[in-house]
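Asker: This is a predicted model, with the sequence first.
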Amino acid sequence: MEDFWKTYLRMCEEGGVEPQESVVVHLQETTAGQCSRLDLSGQSLSVETCSVLARAFQKETIFTEVLLSDCMLSEEGAKILLTGLLGNNTVKILDMKGNNLKSSGAEALGKLLAHNKAVRRMVLEWNALGLWDDTFSLFCDGLASNSILTQLDLRNNQINHHGASELALALKCNTVLEVLDLRWNNIGLLGGRSLLEALQKNKSIVQLEMAGNNIPSDILKALEQTTGHNLERQSTLRESRNKTQVLRMEIQTLKDLKGSQILKLMEIIDRQRDEIGHSNRSALIQIRQLQEALNERKSTVNSITAKLQMTEAALALSEQKNDNMGELLTRVRAETEEHKEQHNKERKKDEEEYACREGKLLREIQDQHQTTVQLQLKLEEMERRCKSQQQQIFDLKHELTNSTAEFKLRLVQTEERLETEKQRSKQALDDMDGLRQKEVEHVKHHLEESERVLQERIFKLEGQRIQLEEELSKAKAACVTERSQAEEELGRVRAQAHLEVQEHISSMEEKVRSARSSLQEVQLQCSQQRQTIYELQSKTSQQSTKMDGLRRRIEELQQELLGKDQEKVAEVSKVRVEFLEQIGHLQAERTAQTGLKEKINALERELKVLTSNHREVLLDKEHEMLSMHEKLRHKEAEILRMREDAANRASYLQSAILTYVQGSPVGHYDIPKK
């Protein structure tokens, strides 16, 4: 394949774009090292460079990792580059960290996730994909339709609770994503609840990072528990798949072994059939030879005319030989009956061995082979005996040729006796042939019966395997349903406890707010009373200033009177009258001032009483606050106890589920030991 940097330069020349030197140098170093990782991190890529790279990515490349972090990509450049990666089938890891991707970047990423079939890990940290809800919903739609991506990093992307709800809808449809990082966003309580609801349906996510999202601790714990359940579920699924694979392999090996055994058995049966056919053909040849010998004997007997006494002796000898042949036939029959009994015993023994253990099949076949060898040996012995009889017949022929005159008188009797002897010998040979054929048919029937028993046992094993697989699937379905029911019951218990705690906390907060409002009212009244006291004190200060001014005026008048005693004697009376009037006015003002002082004292007393009452009210409110805090502590202790009880119940339930799963019939179908 052409070097990637050469392709880049050629495309730059075709498009009339000035290539960036830093990018060319980096591509040369990467291609020279035959590295499957394209790292352009920190390189500021222009729109033209992005378009050339996009066209290059549309062709076959050697890169499986593309790192474009902190490349200062514009919206148009990022869109062009992501569009070029739509049809790429080699890039497995895509890193676009810190490129400030916004609306158009989120839309392009959604299209990439919807159409690309190769990217398995995507890093989008330090971008702004969550700022616009519409484009982020397009990104989530692409994630929902994706079936390849397993790891997604969305840290610091300003995702709010709306984006989290869209992401939750995508996770309900996605079944392959395993690792999702959402740290340092702004998901909040509503987003955490929507993600928790989505994870209750999604069974593929095993790792979810949610730190720094203002999510309550109980929701975070619930998310961790759901991801832990998903991890346990996937591990159990892997174990069950491995076990089923091993069972299938074992069943296949058993099938292959049985097939090979059946093939070997069929080969042995065919070989025995061939041997039996060969033995039958040899027996027919021997019978033909005997027939020819008998015909020759008949021709020789026709030529004998004399020596009757010798013929009688020969006939007596032949009768004795016939008796011997009858004894031999009875002995052969007894041997065949013994062989039948022995064969029946062996067949019963073989059936017991088939019921006990299938592995003795080869041994039984060897035993049968030995029996066939014995039969062959017996057939050979019979052939030897037939040959000896033929030799005896030839001896008789020689003797009959020597005796010529003695057989003339009793020729007819000898012919009749020869005919009877011929019939007897034929009958004996026919009986022996029938016995042999019966034995062959019995062996064939026994072999066919054993083959049929083996096939029935194979069919039974197949039925047992199918039944075991059905029971395994039923047990798995029951375990999954019971586990989901337990999780739903645990969620309901937690939700009910959470609602009770929230209601109690809201009631306590309402009481605290009412106490604070009453405290504020009392403080407002105290401030109003202090304001009136300040006003009265200002009035008293004004009156005291007036009195000081009048005193100074009196002193001035006295000085004027002392200085003008001689000049204004006539005016003294007038001044005295005015002075007396002024003294009267001053006395009246003094009396008024004394009244004001009394009012001030009364107000001070009232203020003291009010302050004492206010202190008592404050003390009562403080006591109430202390009691409320004590009640809050008790309620928090109760809440902690309830949470501990819920956790204990959850742990008991989980242990019960685990014990049920471990004690279920699935555990009895472990991998068979070799």
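Answerer: Now that the structure is in, tell me what you want to look at. These numbers were taken from a predicted model, which means no experiment stands behind them. Numbering: from 1, shown residues only.
Asker: For the residue lying closest to residue 201 once chain neighbours are set aside, which residues are in contact?
Answerer: Spatial nearest neighbour of residue 201, excluding adjacent residues (CB to CB, 6 or more residues apart in numbering): residue 172 at 5.1 Å. Every C-beta, even on glycine, is put in place using the N, C-alpha and C of the backbone. Contact analysis of residue 172 by CB atoms under 8 Å, 6 or more residues apart in numbering lists 144, 198, 201, 202.
Asker: what packs against whichever strand or helix holds residue 554?
Answerer: Using DSSP states H and E, residue 554 falls within helix 411-563. Counting contacts by 3 or more CB pairs under 8 Å, 6 or more residues apart in numbering; DSSP states H and E, helix 411-563 is packed against helix 217-303, helix 308-356, helix 361-402, helix 570-663.
Asker: Tabulate those helices in CSV, adding columns for mean pLDDT and distance to residue 148.
Answerer: Output for the helices and strands packed on helix 411-563, formatted as CSV (pLDDT from 0 to 100; distance: least, CB to CB, whole Å):
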stretch, mean pLDDT, distance to residue 148
helix 217-303, 84, 17
helix 308-356, 74, 53
helix 361-402, 72, 50
helix 570-663, 79, 31
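Asker: quick one: which of those helices is nearest residue 187?
Answerer: The closest of the helices and strands packed on helix 411-563 to residue 187 is helix 217-303. By CB to CB, the value is 9.9 Å.
Asker: Tell me which other helices or strands that closest one touches.
Answerer: Counting contacts by 3+ CB pairs under 8 Å, 6+ apart, helix 217-303 packs against helix 188-199, strand 207-209, helix 361-402, helix 411-563.
Asker: Please identify the deepest-packed of the ones you listed.
Answerer: helix 188-199 (a mean of 20; mean count of other CB atoms under 10 Å).
Asker: got the CA positions of that one in PDB?
Answerer: The C-alpha trace of helix 188-199 is given here as PDB (Å, rounded to 0.1, in the frame of the first residue of the first chain):
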ATOM      1  CA  GLY A 188     -28.000  17.000  38.300                       C
ATOM      2  CA  LEU A 189     -30.800  15.100  40.100                       C
ATOM      3  CA  LEU A 190     -33.200  14.700  37.200                       C
ATOM      4  CA  GLY A 191     -30.500  13.500  34.800                       C
ATOM      5  CA  GLY A 192     -29.300  11.000  37.400                       C
ATOM      6  CA  ARG A 193     -32.800   9.600  37.800                       C
ATOM      7  CA  SER A 194     -33.300   9.300  34.000                       C
ATOM      8  CA  LEU A 195     -29.900   7.500  33.700                       C
ATOM      9  CA  LEU A 196     -30.800   5.200  36.600                       C
ATOM     10  CA  GLU A 197     -34.100   4.400  34.800                       C
ATOM     11  CA  ALA A 198     -32.200   3.700  31.600                       C
ATOM     12  CA  LEU A 199     -29.700   1.400  33.300                       C
END
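Asker: Got the phi and psi for the residue nearest to residue 201?
Answerer: Backbone torsions of residue 172, given as degrees, to the nearest 10, read phi -70, psi -30.
Asker: Give the rounded mean pLDDT of stretch 57-65.
Answerer: The average of the pLDDT scores along stretch 57-65 is 79.
Asker: got the buried residues for stretch 621-640?
Answerer: 621, 632, 639 (16 or more other CB atoms under 10 Å).
Asker: Next: stretch 652-664.
Answerer: Those would be 653, 654, 657, 661, for stretch 652-664 by 16+ other CB under 10 Å.
Asker: mind listing the strands for the stretch 51-200 of the chain?
Answerer: Applying DSSP state E, counting those that start in this stretch to the stretch 51-200 of the chain gives strands spanning 65-67, 93-95, 121-123, 151-153, 179-181.
Asker: For those strands, give me JSON lines that also has distance to residue 236 and mean neighbour count.
Answerer: Listed next are these as JSON lines, based on distance: least, CB to CB, whole Å; neighbours: other CB atoms under 10 Å:
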{"stretch": "strand 65-67", "distance to residue 236": "32", "mean neighbour count": "19"}
{"stretch": "strand 93-95", "distance to residue 236": "29", "mean neighbour count": "20"}
{"stretch": "strand 121-123", "distance to residue 236": "25", "mean neighbour count": "19"}
{"stretch": "strand 151-153", "distance to residue 236": "22", "mean neighbour count": "19"}
{"stretch": "strand 179-181", "distance to residue 236": "19", "mean neighbour count": "19"}
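Asker: Which among those strands is found nearest to residue 51?
Answerer: Nearest of these (CB to CB): strand 65-67, 15.7 Å.
Asker: List the strands paired with the closest one, with their directions.
Answerer: As defined by DSSP bridges, the strand partners of strand 65-67 come to strand 37-39 (parallel), strand 93-95 (parallel).
Asker: need these in JSON lines with distance to residue 280, can you?
Answerer: Shown next, in JSON lines, are the strands paired with strand 65-67 (distance: least, CB to CB, whole Å):
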{"stretch": "strand 37-39", "distance to residue 280": "79"}
{"stretch": "strand 93-95", "distance to residue 280": "77"}
